[in-house]
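*Asks:* any chance you can model this:
(2 chains)
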Amino acid sequence: MKEYLYYPGCSMESNAKAYQESLTSISKPLELVLSEIADWNCCGATEYVGISLTPAYALIGRNLALAEQQSNGTKTVVAPCSACYLNLAKADYYMRERPLLEKNVNTALSAGNLHYNPGSLEIRHLLDVLMNDIGLEEIERHVVRPLSGLRVAPYLGCMVPRPDYEHRWSDPEHPIELDQLLKVLGAEVIDFPLKTHCCGGHMTQISPNTAFELIRRLISSADQYHADLMVTLCPMCQMNLDAYQTETNRHFGTNYHMPILFFTQLIGLAFGMDPKDLGVGLELTDASAALNKIGVEVPKEEPKPRRKPRKKQTGLPMPKMPGDEEAE
Amino acid sequence: MSTQPIVSPQDTNPNVRFLEEVSLKTAGVSRLEMCIQCGTCGGSCPSAADMDHTPRMLFAMIRAGMREEALSSNTPWMCVSCYHCVVRCPQDVHIADVMYTLKGMAIEAKLYKDSTAPDFSQTFVEMVENYGRSYEFGLATRHYLRHYPLRLPNMAPMGLGMLSKRRMNIRPRKIEGIDQLQAILQKAEEVEAVS
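*Replies:* Model (predicted):
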């Protein structure tokens, strides 16, 4: 069993729900225990640092301070989102590199009775943990439905392999880790030349035409390589390529159809899990045709929100609510 | 600090130290002084075509003390933070972080023009300051309504898709320690103002 502190980030509870659901599902067989940092806040994405330096780093610093406080035997913080991963890693690194920043951030944190000692945590991306701590052999051991015949384009985007302060990745522009993982799952992996090119980031909001061009390059390249789908590890990349694909097609008068899923969803499918438990079907660019190739049906119906079972009243006496009897 | 005073203390032109100022305001050690004007940054940049100046030109302008021109450039606002230039720079200049610094300085000097980006960042920050978490639904609708109302009909299906797939929360989520966070951010603003 491997235990880590977990920083989900805002996307995991909204646009990247499928990432969270599939991660939760695959954690069980892989014996990966992720303890969420209690009351974490937004990392500031790429916005706050462009406004004001000290507040931006204090915002990240609160998360690091909480993580340090709550670290129970482990000092590794796992982040699944690229921007969150980079912001946490960057704050930790720059606070070490620049004593003035460390001083200013800790002065700000003291207003909330917090303190962070840079270097006391290890910030790592989920893929890094799966590759290097869990290991490919262990992952391969759980594969019961190999993704044979599925042509996938591995797509990492920018902020995980770059700037890579701690030299955790094989290459900043053409890292091979995601390819290796997908091969172990049985997929046919394309040597995707744009695997770390930009998805446009926040440009969909502030300069849509710039974003559409960057999105077009990626999906047209994947299409030229006859990929059935793209596989990513970043909520922003997934959202831009998936949700803005229709708009990009309209902008250029093209007709691309390139579904994009999270790598955790493909791991779960290869593990033979129910697509419903992996958030499959939440993508806006339909992945049915691609997944039919490996015999997976994309759930059509929205899964109904599961009702929380009421706790048995064995503790303190609580006021009775209508419906309590039936629940018991 | 890596920067050495290279100008006479008697020089009253504030722009003579502009390079040093940008460097000092950057998180970490910027190494901006090390730029050799090779242009690898602009050649690696996916959005260079939309920039007023390539990063290389912008850094030359900063070195030349062209404060107003540099802070009015759209270049920092077109940076997509992809870090291609950062890993390719032979001098290890922290280019993406310098771009963030220039954005902040441009906002402070009220020199940004023709871009909705500062407003987007500021709205994002306001939401984080109010809730502690980002709030995409509020952010995206407010931003599109304000700046691209004519694009809204095209974007509506995408928004509805995100909502119906439960991928966007209509209401923001607030963290428990919002008071603590606000106290920290307020203190940080004070520190920023004097540093």
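*Asks:* count the neighbours of whichever residue of the stretch 201-328 of chain A sits closest to chain B for me.
*Replies:* For the stretch 201-328 of chain A, the residue closest to chain B is A:Ile206, as judged by CB to the nearest CB, at 4.2 Å. The C-beta positions use only the backbone N, C-alpha and C, and glycine is treated the same way. Applying other CB atoms under 10 Å in any protein chain shown, we find 21 residues neighbouring A:Ile206.
*Asks:* that one reaches B:Ser115, doesn't it?
*Replies:* Yes: using CB atoms under 8 Å, A:Ile206 makes contact with B:Ser115 at a distance of 6.9 Å.
*Asks:* between these two, what contacts are shared?
*Replies:* Here A:Ile206 and B:Ser115 share the contacting residues B:Trp77, scored by CB atoms under 8 Å, 6 or more residues apart in numbering or on different chains.
*Asks:* okay, now the unreliable bits of the chain?
*Replies:* As the question left the chain open, I've gone with chain A. Chain A contains residues with pLDDT under 70 at A:301-328.
*Asks:* please refer instead to chain B.
*Replies:* In chain B (pLDDT under 70), the answer is B:1-7, B:114.
*Asks:* break it into its domains for me.
*Replies:* Using automatic domain parsing, the domain ranges for chain B come out as B:14-108, B:117-188.
*Asks:* just say which of those domains is most tucked in.
*Replies:* domain B:14-108 (a mean of 20; mean count of other CB atoms under 10 Å in any protein chain shown).
*Asks:* residue boundaries of the helices in chain A?
*Replies:* In chain A, the segments counted as helices under DSSP state H are A:17-30, A:53-70, A:82-97, A:99-110, A:126-129, A:136-141, A:177-184, A:203-206, A:208-224, A:235-243, A:245-252, A:263-270, A:288-292, A:324-327.
*Asks:* so which of the ones you listed comes closest to A:His197?
*Replies:* Comparing those against A:His197 with CB to CB, the closest turns out to be helix A:208-224 (6.3 Å).
*Asks:* residues in contact with the residue nearest to A:Arg98 when sequence neighbours are not counted?
*Replies:* In space, A:Arg98 comes closest to B:Gly28 once its chain neighbours are excluded; the distance is 5.3 Å by CB to CB, 6 or more residues apart in numbering or on different chains. For B:Gly28, the contact set (CB under 8 Å, 6+ apart) comprises A:90, A:93-94, A:97-98, A:101, B:94, B:97.
*Asks:* of the residues you listed, buried ones?
*Replies:* Among these, the ones that count as buried by 16 or more other CB atoms under 10 Å in any protein chain shown are A:90, A:93-94, A:98, A:101, B:94, B:97.
*Asks:* other SSEs contacting the longest helix seen in chain B?
*Replies:* The longest helix of chain B (DSSP H) is helix B:178-194. Applying 3 or more CB pairs under 8 Å, 6 or more residues apart in numbering or on different chains; DSSP states H and E, we find helix B:178-194 packed against helix A:53-70, helix A:99-110, helix B:117-131.
*Asks:* of those helices, which is nearest A:Ile176?
*Replies:* The minimum distance between A:Ile176 and the helices and strands packed on helix B:178-194 falls on helix A:53-70, with 29.5 Å, by CB to CB.
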